[in-house]
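Peer 1: Whatever this is, show me its structure:
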Amino acid sequence: MAPSPVPTLVVVGDDASFCYLLERYAKKSDYHAVFVHSHEDALSMTLREAPVAVILELDLPKGRGWQAYHALKHHPETCEIPVILCSWSDEAERGLDEGGTVHLRKPILYDDFLEVLLAMALT
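Peer 2: Below is the predicted model of the structure:
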């Protein structure tokens, strides 16, 4: 019997600390993380990788985090993929109103990261 593949998370963010932290959290949780540092590449990477979830840093310059979010949610092949929204500000209400799965406020703790994955039945 072949081992089950490691589930993939697409992480969209340009903050090096954010990406480093999520890489460590993903490895510790037995996920494979693929990183996208440009909002323009979020959709194409998500289409290519078919992740179990997208983790999206909303704090991208000029509202680009929201642009990436809307591109993912309006594409027929990615609209059902859960999106975990992350930001320093409390944008939970807006994100959830616009269809986001969950909002994590930065700084993100490992326990919060894991709790979200468990709640979404991704572990």
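
Peer 1: what residue ranges in this structure score low on pLDDT?
Peer 2: Scanning the chain with the threshold set as pLDDT under 70 gives 1-4, 90-96, 98-100, 122-123.

Peer 1: Okay, strands next: where are they in it?
Peer 2: 8-12, 32-36, 53-57, 83-87, 102-105 (DSSP state E).

Peer 1: Now mean neighbour count and distance to V116 too, for those, in a markdown table please.
Peer 2: In this view, the C-beta of every residue, glycine as well, is placed from N, C-alpha and C. Output for the strands of the chain, formatted as a markdown table (neighbours: other Cβ atoms under 10 Å; distance: least, Cβ to Cβ, whole Å):
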| stretch | mean neighbour count | distance to V116 |
| --- | --- | --- |
| strand 8-12 | 25 | 11 |
| strand 32-36 | 18 | 14 |
| strand 53-57 | 26 | 9 |
| strand 83-87 | 23 | 6 |
| strand 102-105 | 18 | 5 |
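
Peer 1: Using JSON lines, please lay out those strands together with distance to G65.
Peer 2: Below are the strands of the chain laid out as JSON lines (distance: least, Cβ to Cβ, whole Å):
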{"stretch": "strand 8-12", "distance to G65": "8"}
{"stretch": "strand 32-36", "distance to G65": "12"}
{"stretch": "strand 53-57", "distance to G65": "6"}
{"stretch": "strand 83-87", "distance to G65": "7"}
{"stretch": "strand 102-105", "distance to G65": "12"}
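
Peer 1: In the beta-sheet assignment, what are the partners of the spatially most central residue of the chain?
Peer 2: Central residue of the chain (Cα atoms, centre = their mean): I55, 0.8 Å from the mean position. On the basis of DSSP bridges, I55 is bridged to V11, I84.

Peer 1: Am I right that it is in contact with V11?
Peer 2: Yes: using Cβ atoms under 8 Å, I55 makes contact with V11 at a distance of 4.7 Å.

Peer 1: where do the contact lists of these two overlap?
Peer 2: Overlap of the contact sets of I55 and V11 (by Cβ atoms under 8 Å, 6 or more residues apart in numbering) consists of L22.
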